[in-house]
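[1] Following is a predicted model, sequence given first.
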Amino acid sequence: MLTIRKSNERGHANHGWLDSYHSFSFANYYDPAHMGYRSLRVINEDRIAAGRGFGSHPHRDMEILTYVLSGKLAHKDSMGHVEVLGPNEIQRMSAGTGVVHSEFNGSETEPVHLLQIWIEPQSNGTEPGYEQLKFDASEKLDRFKLLASSKPVAGAATINQDASLSVAELTPGKSLNYSLGSGRHAWLQVIRGEVVVNGKTLSAGDAVAADKETQLDIEAHGTTNSEVLLFDLA
């Protein structure tokens, strides 16, 4: 069964310096029908104006993944990390028993466009942790690149949950297949372009939840490359 979540159905908040779309209930956007999906709790698509950002604020007991689409994001946290995150990188911050961090646009002239993802952890009260991994763009071209997994995998972040996150950038007309194990569920988020998933057409910002499916068949349409994030969830 496929359940489509259209881009224009998401929650939306425009604060001037921050233009944000919420796939699930977040902050002032509340929809009891969209509180999350499986262990996936937040997907926020944010555009942050030059020189602006989120000041220091706390988190605990959440696996937080950040994927930048364009621009640079400056990160600083109470674990001592001072980093800049750009495209073709994955950042994982496990909040655990508690962490304080700030996130600002790393440019004074250009906006930054990113996705921030929260996944509920399998166990609470763990030690906070941080990873930032960079990969070559060719690793996701017309194939899936693993970004995060519950099991340690070279080149991917390790998260405290039975879940994985992969990314793929498809050239026009290219198809990919993703097999789902017994009892597994998937959430596919379209970052850019247009794809057809098991016969359903999705555009940038759209998503689809897959339940009781054995395989996702993904084909890129249009004249430009399409990019998708795929969550494999228990």
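    Done, it's in.
[2] Tell me which residues touch Lys212, please.
    Under the criterion of Cβ atoms under 8 Å, 6 or more residues apart in numbering, the contact partners of Lys212 comprise Met1. The way it works is simple: take the backbone N, C-alpha and C, and place the C-beta from them, glycine included.
[3] So it versus Arg184, what's the distance?
    Lys212 sits 10 Å away from Arg184, going by Cβ to Cβ, to the nearest Å.
[4] surely Glu63 meets Ile159?
    Yes - using Cβ atoms under 8 Å, Glu63 is in contact with Ile159, at 4.6 Å.
[5] Overlap in contacts, these two.
    Applying Cβ under 8 Å, 6+ apart, one finds that Glu63 and Ile159 are jointly contacted by Arg92, Ser94, Ile119, Pro121.
[6] how close does the closest residue in space to Met1 that isn't next to it in sequence get to Ser179?
    Of all residues beyond its chain neighbours, the one nearest Met1 is Asp211 (4.9 Å), with distances taken as Cβ to Cβ, 6 or more residues apart in numbering. Separation of Asp211 from Ser179 (Cβ to Cβ) stands at 15 Å.
[7] More neighbours: which of the two?
    The residue with the greater number of neighbours, taking Asp211 and Ser179 and applying other Cβ atoms under 10 Å, is Asp211; the counts read 13 against 10.
[8] for the more buried one, what are its contacts?
    By Cβ under 8 Å, 6+ apart, the residues touching Asp211 are Met1, Thr3, His185.
[9] As CSV, these with neighbour count and distance to Gly51 would be great.
    Putting the contacts of Asp211 into CSV (neighbours: other Cβ atoms under 10 Å; distance: Cβ to Cβ, whole Å) gives the following:
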residue, neighbour count, distance to Gly51
Met1, 7, 45
Thr3, 12, 39
His185, 19, 40
